[in-house]
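Visitor: Pasted the sequence and its predicted model underneath.
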Amino acid sequence: MNDRQTMPLAKAINAGLRAAMEKNDKVLLLGEDIGTLGGVFRVTEHLKRDFGEHRVFDTPLAESGILGMAIGLAMRGYRPVCEIQFDGFVYPAFDQITSQLAKFHARTHGAVRLPVVIRIPYGGHVGAIEHHQESPETYFAHTPGLRVVSPSNPNDAYWMLQQAIESDDPVVYLEPKSRYWPKGEVDTAAPSADMGETRVAREGEHVTLIGFGAQTTMNLQAAQLAEEEGVSVEVLDLRGVAPVNYEPIFESVRKTGRAVVAQEAPGNISLASEIAARIAERCFYSLEAPVLRASAYDVPFPPARLETQYLPDVDRVLDAIDRTLDY
């Protein structure tokens with residue numbers, strides 16, 4: 001097989017699952033309609049056919065039950081990978097994730113690890129209905145004991161998922177559903193950086209622009225447009241949402257003197273808020289302007305016809321860049 005292939009992010013996740021299952025027969029997949037159907041986004045397509053119903057199995061429509069089953073399997077030595085069908089469906093499992101999965105290692109004084117991966121399609125820009133477009137990452141990033149990651153491109157999706165499955169910690173693996181089908185190159189021979197490492201997606205000199213998941217693509221578009229006006233924007237892709245790898249952020253901000261954090265989630269008490277606070281603490285004497293945020297508004301996700309007004313677009317990111325340069 002060619003080591004370099006072009007594929008959509010959804011297919012890269014499928015390939016990552018396949019590689020992990022071939023490597024370790026303790027890797028199991030469970031979720032709603034992931035078997036015969038292959039999931040509503042077809043991310044698990046053909047895996048039941050190729051690995052059998054004892055390793056890829058459909059569950060009832062009960063997210064709490066999915067996580068409870070996964071926790072039990074992990075305690076018995078398996079590495080379960082759960083799919084939550086949509087971001088807004090994860091809340092019935094919230095107690096299992098935050099009260100049990102995240103705490104069990106500490107509760108047992110390190111004696112028991114729960115290597116569970118929770119795959120969650122998240123974010124907007126797909127014109128979906130209520131409960132099908134949300135950004136719940138802050139809930140999980142706020143929970144000690146969980147690792148939270150989100151790839152922004154197919155190559156990262158392929159490798160970060162395998163790293164998540166190999167981790168002995170529980171990992172919430174957030175999949176930006178609006179990026180499922182755009183294609184990119186995947187190098188199946190050379191692993192990408194650690195799943196929690198912040199990556200410099202584009203080098204620049206005047207402003208540091210920070211994001212993750214689908215927002216990284218929009219940030220790169222904003223940086224390209226800014227360059228046409230003579231503004232050099234350095235774009236950072238977090239990849240790891242919890243814990244955040246801060247050192248590349250601090251290094252970049254010390255160089256540029258300005259920072260904008262962009263995200264699809266509402267801005268109040270959010271990941272962007274925490275990153276802005278950390279930059280203010282560690283880079284205060286390097287800053288030429290306040291750290292600004294571009295985010296969704298602090299209201300429930302609206303009907304699909306209003307999502308373009310609700311979510312931060314390229315213009316809102318560019319506006320934040322312009323405002324930080326005005327200081």
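Guide: Happy to help now that I have it. In this text, all values refer to a predicted model and were calculated from it rather than measured experimentally. Numbers count the residues shown, from 1 in each chain.

Visitor: for the stretch 201-327 of the chain, what spans make up the strands?
Guide: Taking DSSP state E, counting those that start in this stretch to define them, one finds strands in the stretch 201-327 of the chain at 207-211, 233-237, 240-242, 259-266, 292-296.

Visitor: Just say which of these is most tucked in.
Guide: Greatest average neighbour count among the strands of the stretch 201-327 of the chain goes to strand 207-211 (a mean of 30), per mean count of other Cβ atoms under 10 Å. In short, each C-beta sits where N, CA and C put it, glycine included.

Visitor: same question for that strand, mean pLDDT?
Guide: Across strand 207-211, the average pLDDT comes to 98.

Visitor: And that strand, what does it pack against?
Guide: Packing contacts for strand 207-211, counted by 3 or more Cβ pairs under 8 Å, 6 or more residues apart in numbering; DSSP states H and E, involve helix 214-228, strand 233-237, helix 247-256, strand 259-266, helix 314-325.

Visitor: Apply 10 Å and report the result again.
Guide: strand 199-202, helix 214-228, strand 233-237, helix 247-256, strand 259-266, helix 271-282, strand 292-296, helix 314-325 (3 or more Cβ pairs under 10 Å, 6 or more residues apart in numbering; DSSP states H and E).

Visitor: so what's the nearest residue to E203 once chain neighbours are set aside up against?
Guide: Residue nearest to E203 in three dimensions, not counting chain neighbours: E234, with 5.7 Å by Cβ to Cβ, 6 or more residues apart in numbering. By Cβ atoms under 10 Å, 6 or more residues apart in numbering, E234 lies in contact with 200-210, 223, 252-253, 255-256, 258-259.

Visitor: With H46 instead?
Guide: N14, R18, G38, V56.

Visitor: Specify the local secondary structure of the third one.
Guide: Classification of G38 into helix, strand or coil gives coil, according to DSSP: H, G, I helix; E, B strand; the rest coil.

Visitor: you'd agree it is up against T44?
Guide: Yes: G38 is in contact with T44 according to Cβ atoms under 10 Å; the separation is 5.2 Å.

Visitor: Next, work out how far apart the residue nearest in space to the middle of the chain and L306 are.
Guide: Geometric centre of the chain, nearest residue: S150, 1.8 Å, by Cα atoms, centre = their mean. Distance, S150 to L306, by Cβ to Cβ, to the nearest Å: 24 Å.

Visitor: and if you look at D25?
Guide: 47 Å.

Visitor: Tabulate the CA atom coordinates of stretch 129-138 in PDB.
Guide: Coordinates of each C-alpha in stretch 129-138 appear next as PDB, following Å, rounded to 0.1, in the frame of the first residue of the first chain:
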ATOM      1  CA  ILE A 129     -31.000  20.800  13.500                       C
ATOM      2  CA  GLU A 130     -31.100  21.200  17.300                       C
ATOM      3  CA  HIS A 131     -28.800  18.800  19.300                       C
ATOM      4  CA  HIS A 132     -26.800  18.100  16.100                       C
ATOM      5  CA  GLN A 133     -24.400  21.100  16.100                       C
ATOM      6  CA  GLU A 134     -22.700  21.900  19.400                       C
ATOM      7  CA  SER A 135     -19.300  22.500  20.900                       C
ATOM      8  CA  PRO A 136     -19.200  20.700  24.300                       C
ATOM      9  CA  GLU A 137     -15.400  20.600  24.600                       C
ATOM     10  CA  THR A 138     -15.200  23.000  27.600                       C
END
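
Visitor: Pull out the buried residues from it.
Guide: Buried residues in stretch 129-138, counted by 16 or more other Cβ atoms under 10 Å: H132, Q133, E134, S135, P136, E137, T138.

Visitor: Rounded mean pLDDT for that stretch, please.
Guide: pLDDT averaged over stretch 129-138 gives 90.

Visitor: Pop the domain breakdown of the protein in here.
Guide: Under the assignment automatic domain parsing, the domains of the chain span 7-187, 199-325.

Visitor: closest to A193 out of those domains?
Guide: A193 lies closest to domain 199-325 among the domains of the chain, at 6.5 Å (Cβ to Cβ).

Visitor: start to end distance for the closest one?
Guide: 23 Å (Cα to Cα, to the nearest Å).

Visitor: Off-centre distance for it?
Guide: How far domain 199-325 lies from its chain's middle: 15 Å, per Cα atoms, centre = their mean, to the nearest Å.

Visitor: And stretch 86-97, by the same measure?
Guide: 16 Å.

Visitor: same deal with stretch 57-70?
Guide: Counting by Cα atoms, centre = their mean, stretch 57-70 is centred 22 Å from the centre of its parent chain.

Visitor: Can you point out the buried residues in it?
Guide: D58, T59, E63, I66, L67, G68, M69, A70.

Visitor: ok, now stretch 263-277?
Guide: Q263, E264, A265, P266, G267, S270, L271, A272, S273, E274, I275, A276.

Visitor: go on, stretch 175-187?
Guide: Neighbour-count burial for stretch 175-187 [16+ other Cβ under 10 Å]: E175, P176, K177, S178, R179, Y180, G184, V186.

Visitor: With stretch 320-327 instead?
Guide: A320, I321, T324.

Visitor: The second one - nearest residue in space that isn't next to it in sequence?
Guide: In space, I321 comes closest to V207 once its chain neighbours are excluded; the distance is 5.4 Å by Cβ to Cβ, 6+ apart.
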